[in-house]
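Asker: sequence first, predicted coordinates after that:
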Amino acid sequence: AQTVTQSQPEMSVQEAETVTLSCTYDTSENNYYLFWYKQPPSRQMILVIRQEAYKQQNATENRFSVNFQKAAKSFSLKISDSQLGDTAMYFCAFMKLSRSGGGADGLTFGKGTHLIIQP
Amino acid sequence: DVKVTQSSRYLVKRTGEKVFLECVQDMDHENMFWYRQDPGLGLRLIYFSYDVKMKEKGDIPEGYSVSREKKERFSLILESASTNQTSMYLCASSPTTSGSYEQYFGPGTRLTVT
C-alpha cells in the first residue's frame, strides 16, 4: 500500500512571495504518477501539475513547479509570485499504474496543506 | 470542457435510510471513482470502476456499494446510513486512452446523517 505525507497542515505567505509545499510518499512501485491538486473554497478540485515517475525532469506549469526526488520519495510544489487566488487546500496524490496501463487505479491523497495568501 | 456532475450539493438523511449519490460525466470516460473527504484526513478512495458493470473496492469500502449500469453514470449507495458516514463525497472520472491519468472531479455532495 502507498502512503502520502504532507507535513504542513497550514501555511501563510504574503502576496507575490514564493512558497514551497512539502510532500513525501512511500511505495514499492517503480511506475507511478504524482499529482498536486488544488481545492479552493468553492470545493472544486483542480489539477495543478503532474509528474511521471520515469521522467527525471521536473514538471512546470507557469508559476507552479515541482521538485521531484525519486530516491528520496519527495515531491514538493513551488508556487512563484503567489496570488490571492492561490488560496486553497493543496493535496499531493499518488497513483500507481494499473496492470493494463489504463490508469484505472484510484489516487492516494495526503491530508492536505491549507495555503493562505495574505494581501 | 469535461463536466462531472453530482446530483446534490447538500443532503441530509436519517440514520438507517438508504442513500443514493449519483454522479454523471459527459466525456465518455471509462474510469469513475468515489472518494470521501474528511477534515484532517484528506480524500480516501471508496470504490472505483473501469468499465460498465465493473467495480473495484478502494481503501474504505465498508458500508458502501456502487452501481454502474451505464458508462456515464456511477452511483454510490449507502445501504443503511450511519452518523459516521457524514462527510463530503467527491466523484471523479478519467479516460483510459489519453495517457495523462488526470482525474476530473465533481463539485462534491456534503452528506449529513442525523
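Answerer: Looks like it came in fine.
Asker: report the beta-bridge partners for the residue positioned nearest the centre of chain A.
Answerer: Centroid-nearest residue in chain A: residue A:36, 2.7 Å away (criterion: C-alpha atoms, centre = their mean). For residue A:36, the beta-bridge partners are residue A:49, residue A:92 (DSSP bridges).
Asker: wait, it touches residue A:64, no?
Answerer: Yes: between residue A:36 and residue A:64 there is a contact under C-beta atoms under 8 Å: 7.4 Å. No exception for glycine: its C-beta is placed from N, CA and C like everyone else's.
Asker: give me the common contacts of these two.
Answerer: A:48, A:49, A:77 (C-beta atoms under 8 Å, 6 or more residues apart in numbering or on different chains).
Asker: most neighbours out of those residues, which is it?
Answerer: With neighbours defined as other C-beta atoms under 10 Å in any protein chain shown, the most crowded of the shared contacts of residue A:36 and residue A:64 is residue A:77; it has 23 neighbours.
Asker: can you pull the contacts of that one?
Answerer: By C-beta under 8 Å, 6+ apart, the neighbours of residue A:77 are A:20, A:21, A:23, A:36, A:48, A:49, A:64, A:65, A:66, A:90, A:92.
Asker: and the helix or strand of chain B with the lowest mean pLDDT, what does it pack against?
Answerer: Sorting the helices and strands of chain B by mean pLDDT, DSSP states H and E puts strand B:56-57 at the bottom, at a mean of 92. Judged by 3 or more C-beta pairs under 8 Å, 6 or more residues apart in numbering or on different chains; DSSP states H and E, strand B:56-57 is in contact with strand B:42-49.
Asker: moving C-terminal of the helix or strand where residue A:20 lies, what's the next helix or strand?
Answerer: Taking DSSP states H and E as the criterion, the element that holds residue A:20 is strand A:19-21. Where DSSP H and E defines the elements, the next helix or strand beyond strand A:19-21 is strand A:24-26.
Asker: residues of chain B that sit close to chain A?
Answerer: B:30-31, B:33, B:35, B:40-45, B:48, B:50, B:56, B:58-59, B:88, B:90, B:92, B:94-96, B:99-103, B:105, B:107-108 (C-beta under 8 Å from any C-beta of the partner chain).
Asker: need the buried ones from the residues you listed selected in PyMOL.
Answerer: Those of these that count as buried under 16 or more other C-beta atoms under 10 Å in any protein chain shown are selected in PyMOL with:
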select buried, chain B and resi 30+31+33+35+42+43+44+45+48+50+56+58+90+92+94+95+96+101+102+103+105+108
